[in-house]
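Engineer: structure, please.
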Amino acid sequence: MKNRKFQPIQPENESPYADAGAFLVALREQFDALSRQLKRIGQYVEMQGERVAFDGIQATADSCGVPASAVVRFAKHFGFSGYTQMQLLFRADAARQLAVQHDYQDRIRGLIASGEATGQADVGGARLAHAVIEGSIASLQALQRGLPTDQFEAAVELMLEAPAIWLAASRRAFPVGSYLAYALQHTAKPVHWLHGLGAMQKGELRALAPGDVMLAVSFEPYAPETLEVVDLALARGARVLALTDSQLSPLAARATVTLLAQDSATFGFRSLTSTLCLAQSLFLALAYRMELAYEPTK
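Structural biologist: Predicted structure coming up:
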């Protein structure tokens, strides 16, 4: 029998995108035309790319609340041969981070499993605190890696140029609006917080002038009252600065500038660590720019 040279297995198809970033650009461009089910998958893929890189198709389908066939249909809609080829695109991006990043999801799952294995509903206060802290650290690291310098500078410039800043932040985002209202009053910039007390936010918006900036904060499932006041502000000529969790969020679609923060969840409860850090960074950057522009009267 003659010796035969080993032939390496060839990839079934070359990816239609250079990297995950290029795919996400295409996803955002086509998002509005997708069906409701495919939009749900698209939002998950855009926000949870690191999980898609390692989760199987059924795990991804379960996280999206759709059948596995819908995930395959989503992948093929964007030119992939199937889920695996789409996954490899995200896996290549994730590989650059694995050397320095702890697997937070495995830690949380291990914490849950250890509680179930011992029959303890209470996994321990200190252990729970450590899980929350580790998740917050992971969120801050993700924010640090992904913060786009040009977008952040554009956000600061937008606030600097605005005659007045309006704040809209409801439900889980409410503490972020409260912090920004507190911090921004330390500047000379007029600040109006539409906190919704007495349901008077629509009346308060009558004072909004063209050129003002609406700084809106909202996360999935996106507070309808926040989206409502944003639409009213846009109709009056305001520009919108969005702090949200996805470029595919309805808030991002309305914004002049969008900044993203994706906070971790521990047992279903999401933190606000990275979002508050981003809000504080915006305030400090604005205060610094205003101080540089300050000219004392002679």
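Engineer: use CA for all of it now, contacts and neighbours both
Structural biologist: Will do.
Engineer: domains for the chain, by residue range?
Structural biologist: 20-95, 104-146, 149-293 (automatic domain parsing).
Engineer: what's the least confident stretch among the ones you listed?
Structural biologist: Lowest mean pLDDT of the domains of the chain: domain 104-146, a mean of 68.
Engineer: out of the domains of the chain, flag the one nearest E14.
Structural biologist: domain 20-95 (8.6 Å; Cα to Cα).
Engineer: re earlier: could the domains of the chain go into TSV alongside distance to E14 and mean neighbour count?
Structural biologist: Below are the domains of the chain laid out as TSV (distance: least, Cα to Cα, whole Å; neighbours: other Cα atoms under 10 Å):
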stretch	distance to E14	mean neighbour count
domain 20-95	9	17
domain 104-146	27	14
domain 149-293	27	18
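Engineer: contacts only, for the residue nearest the centre of the chain.
Structural biologist: The chain has D245 as the residue nearest its centroid, 2.1 Å off, counting by Cα atoms, centre = their mean. Counting by Cα atoms under 8 Å, 6 or more residues apart in numbering, D245 touches 47, 218-220, 260-262.
Engineer: could you redo the last one with a cut-off of 7 Å?
Structural biologist: 219, 260-262 (Cα atoms under 7 Å, 6 or more residues apart in numbering).
Engineer: format the residues you listed as TSV; extra columns: secondary structure.
Structural biologist: Converted to TSV, the contacts of D245 look like this (DSSP: H, G, I helix; E, B strand; the rest coil):
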residue	secondary structure
F219	coil
L260	strand
A261	coil
Q262	coil
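Engineer: so which of those comes closest to G196?
Structural biologist: Distances from G196 to those, taken by Cα to Cα, are shortest for F219, at 17.4 Å.
Engineer: contacts only, for the closest one.
Structural biologist: Contacts of F219 (Cα under 7 Å, 6+ apart): 244-245.
Engineer: if we can go back for a sec, give me the phi and psi angles of the residue nearest to the centre of the chain.
Structural biologist: phi -110, psi 0 (degrees, to the nearest 10).
Engineer: tell me where the stretch 51-200 of the chain has helices.
Structural biologist: 57-64, 68-77, 83-95, 104-117, 125-146, 149-161, 174-184 (DSSP state H, counting those that start in this stretch).
Engineer: show me the one of those helices that comes nearest S249.
Structural biologist: That would be helix 57-64 among those, by Cα to Cα, at 15.5 Å.
Engineer: ok, residues contacting the closest one?
Structural biologist: With Cα under 7 Å, 6+ apart as the criterion, helix 57-64 contacts 40-41, 44, 52, 67-68, 71, 83.
Engineer: also stretch 272-292?
Structural biologist: Contacts for stretch 272-292 (Cα under 7 Å, 6+ apart): 136, 139-140, 143, 156, 160, 176, 180, 183-184, 187, 261, 263.
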